[in-house]
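**Q** below: sequence and its predicted model.
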Amino acid sequence: MVGITLMNTMPIDQKCFKDSEGRVIRLDIMPMNKDSWESEIRDDWTPISKKEADKITNPPLTKEQHIQQAEDKKQTLIAEVNAETQLLQTKLALKRIKPDEEALLISWLDYLDELEAVDVSTAPDIIWPVKPVV
């Protein structure tokens, strides 16, 4: 039986750099390159913190992106209200709704009114209304 030696490739650290074009380079330092990783650094690389690297690679959302996310959430919540109230509205129309179901329907409709009043242009600083307790 032939023995197989596995190489440990688990990073023990990571160093971050920015090149002359503003791109982020992350060097993983592993047991196999812990003594040689510095030879991989190019002349046009500037050391940066992991936090700065994360900020460059994952920039904050723009105002427009926040607004679009809020609009998407609002429409999803409105669709949920429609799904939750469809049967209750049918029961109401057929005069077969129970008092507790009617109260729940009213709660959902109040919630819908609050949702429709949400101004998504204030995103990301939106306080979303609370769903009715089912």
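**A** All right, it came through fine. Numbering: from 1, shown residues only.
**Q** doesn't residue 74 make contact with residue 120?
**A** Yes: Residue 120 is within contact range of residue 74, at 6.0 Å (criterion: Cβ atoms under 8 Å). (Glycine included, C-beta is placed from N, CA and C.)
**Q** got the contact list for the nearest residue to residue 45 once chain neighbours are set aside?
**A** Of all residues beyond its chain neighbours, the one nearest residue 45 is residue 17 (3.9 Å), with distances taken as Cβ to Cβ, 6 or more residues apart in numbering. By Cβ atoms under 8 Å, 6 or more residues apart in numbering, the contact list for residue 17 reads 24-27, 41, 45-48.
**Q** where does residue 16 sit: helix, strand or coil?
**A** Classification of residue 16 by DSSP: H, G, I helix; E, B strand; the rest coil places it in strand.
**Q** do you have the helices of this structure handy? List them.
**A** For the chain, applying DSSP state H gives helices covering 50-57, 63-93, 99-116.
**Q** can you list the domains in the chain?
**A** Domain assignment for the chain, taken from automatic domain parsing, gives 13-57, 63-122.
**Q** got the ones you listed as TSV, with mean pLDDT columns?
**A** Listed next are the domains of the chain as TSV, based on pLDDT from 0 to 100:
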stretch	mean pLDDT
domain 13-57	95
domain 63-122	98
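**Q** okay if I get these as JSON lines plus distance to residue 128?
**A** Formatted as JSON lines, the domains of the chain follow (distance: least, Cβ to Cβ, whole Å):
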{"stretch": "domain 13-57", "distance to residue 128": "27"}
{"stretch": "domain 63-122", "distance to residue 128": "7"}
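**Q** cool, thanks, talk later.
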